[in-house]
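Q: My questions are about this predicted structure, shown below with the sequence.
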Amino acid sequence: MNAFEPLFWMGCAWLLIRIVKTGNQKLWIWFGILAGFGLENKYSMLIFGAAIFFGLLLTSRRRVLASPWLWMAGAIAFLISLPNLLWNVHHHFPFLELQANIRRSGRDVPLTPLKFFGQEILTMQPLTLPLWLAGLWFYFFSTPGKPFRALGWAWVFTAALVVILNPRVYYLYPAFPVLFAAGTVVWEVWLKRPQTFWRKLAWPALLASTGAVLAPLAIPVLPPETYIRYTKALHLAPPAIETHKLGPLPQLFADQFGWEEMAAIVARVYNSLPPEVRPKTAIFGQNYGQAGAIDLFGPKYGLPPAISGHQSYFLWGPRGYTGESVIVMAGRQQDLESRFAGVQKVASVYHPYCMPYEHFDVFYCRGLRRPLIEIWPQVKNWD
């Protein structure tokens with residue numbers, strides 16, 4: 001999850017700082033352990049790991065590349081992430097398939113480098129721009145920052161790769177603490193000058209007040225209706241990441257609504273079936289969000305685990321269901337009628353704040369014309 005990503009990236013950065021300051025090469029072992037678990041969390045750890053290597057290569061710290069401890073760290077990271085790699089090999093690298101399908105479908109909002117960094121400035125809080133620019137200056141132009149210049153290059157390399165590969169605005173977020181930390185060193189020295197005393201008060205006050213104004217865009221601190229009025233008044237909204245049609249809320253907030261209500265509606269359909277039919281009835285979700293809602297909230301309503309052809313759910317298969325009785329969440333009735341002997345619309349799912357694509361009809365389908373296990377490869381949706 002993204003929440004853990006900054007911890008792994010900055011943990012590795014902190015270890016590199018400790019290695020530079022103490023000369024203790026054995027700390028590379030801990031670097032390798034942290035990087036290995038970072039890879040288990042998100043593959044983007046590869047980007048930051050490569051960026052650190054690139055940074056070392058471009059500075060006088062390149063001599064550590066001859067250290068056996070660094071290469072031992074690489075081996076440890078590889079071994080920790082090896083089960084994940086083997087899983088990818090066994091399943092023909094579904095992550096790469098997913099990325100290719102996303103690019104092909106045009107799902108991501110396209111961003112030029114200028115727009116990308118414009119959104120970085122906005123989402124990092126505009127008044128922090130002098131702080132992280134000072135961080136870059138610290139690494140590349142100051143004498144105290146020279147020993148740590150590899151981290152400056154690591155940030156530049158990471159930013160360049162993100163822009164080239166997939167400029168989603170939040171992909172660069174975990175690297176920013178590297179600049180913030182260095183920038184505070186520069187500003188601490190500068191603000192010690194007597195003539196800058198007023199800045200010690202004015203800038204933090206501006207940071208705090210601007211942060212308070214922008215906080216509702218990133219954290220759900222306002223009720224939905226209040227949030228909607230607030231953003232309309234400010235003419236501001238969080239940056240769009242995907243090209244999906246939006247409702248009254250941005251996707252970050254909209255995706256937090258409607259899931260339990262969805263499970264409750266499906267439960268009413270499921271529990272209305274004859275007792276002898278329910279154990280044979282599969283609940284099919286069109287995406288992992290729908291299926292995940294059933295798996296999370298379903299036990300409360302007496303529902304079995306869901307099945308789906310979307311991403312990892314496809315790999316888990318039809319769970320022994322034959323297709324003789326299926327509750328299908330969303331889909332086109334005409335398509336379902338071509339596959340089942342009987343199709344009946346039984347409910348509709350709607351929530352005023354959720355994403356529009358999660359407004360759909362629920363169908364009860366009987367008599368799949370071919371066994372579910374036989375047609376399962378056709379339901380695969382890795383997008």
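A: Alright, I've got the coordinates.
Q: can you pull out the strands in the stretch 251-383 of the chain?
A: 281-285, 307-308, 325-329, 340-349, 360-368 (DSSP state E, counting those that start in this stretch).
Q: Out of the ones you listed, which gets nearest to Arg61?
A: Checking the strands of the stretch 251-383 of the chain against Arg61 by C-beta to C-beta gives strand 307-308 as the closest, at 47.9 Å. Just so you know, the C-beta spots here come from the backbone N, C-alpha and C atoms, and that holds for glycine as well.
Q: which ones are touching the residue nearest to Ser348 when sequence neighbours are not counted?
A: Nearest non-adjacent residue to Ser348, counting by C-beta to C-beta, 6 or more residues apart in numbering: Asp361, 5.2 Å away. Shown in contact with Asp361 (C-beta atoms under 8 Å, 6 or more residues apart in numbering): Ala330, Gln333, Lys345, Ala347, Ser348, Val349.
Q: what are the bridge partners for the fourth one, then?
A: Here Ala347 shows beta-bridge partners Val362, assigned using DSSP bridges.
Q: Look at it and report its pLDDT.
A: Ala347 carries a pLDDT value of 96.
Q: low-confidence ranges in the stretch 151-300 of the chain?
A: 195-197 (pLDDT under 70).
Q: Where do the helices of it begin and end?
A: 176-190, 197-218, 224-234, 251-254, 259-271, 288-301 (DSSP state H, counting those that start in this stretch).
Q: Phe340 is nearest to which of those?
A: helix 259-271 (15.3 Å).
Q: List the buried residues in the closest one.
A: For helix 259-271, burial by neighbour count (16 or more other C-beta atoms under 10 Å) applies to Trp259, Met262, Ala263, Ala264, Ile265, Val266, Ala267, Val269, Tyr270.
Q: which one is the first one nearest to, not counting chain neighbours?
A: Translated: Trp259. Ala293 (4.0 Å).
Q: Help me confirm that that neighbour comes into contact with Ala263.
A: Yes. Taking contacts as C-beta atoms under 8 Å, Ala293 lies within contact range of Ala263: 5.2 Å.
Q: tell me the secondary structure for the closest residue in space to Arg62 that isn't next to it in sequence?
A: Nearest residue to Arg62, sequence neighbours excluded (C-beta to C-beta, 6+ apart): Leu56, at 5.5 Å. What DSSP: H, G, I helix; E, B strand; the rest coil gives for Leu56 is helix.
Q: Tell me who's in contact with Leu56.
A: Here Leu56 is in contact with Arg62, Val64, Leu65, Ala150 (C-beta under 8 Å, 6+ apart).
Q: ok, of the residues you listed, which one's closest to Gly135?
A: Ala150 (13.9 Å).
Q: is it true that that closest one lies in a strand?
A: No. Using three-state DSSP, the secondary structure at Ala150 is helix, not a strand.
Q: Outside of stretch 121-139 itself, list whatever touches it.
A: 144-145, 148-149, 151-153, 155, 169-170, 173, 176, 178-187, 203, 206-207, 210-211, 214, 218, 238-239.
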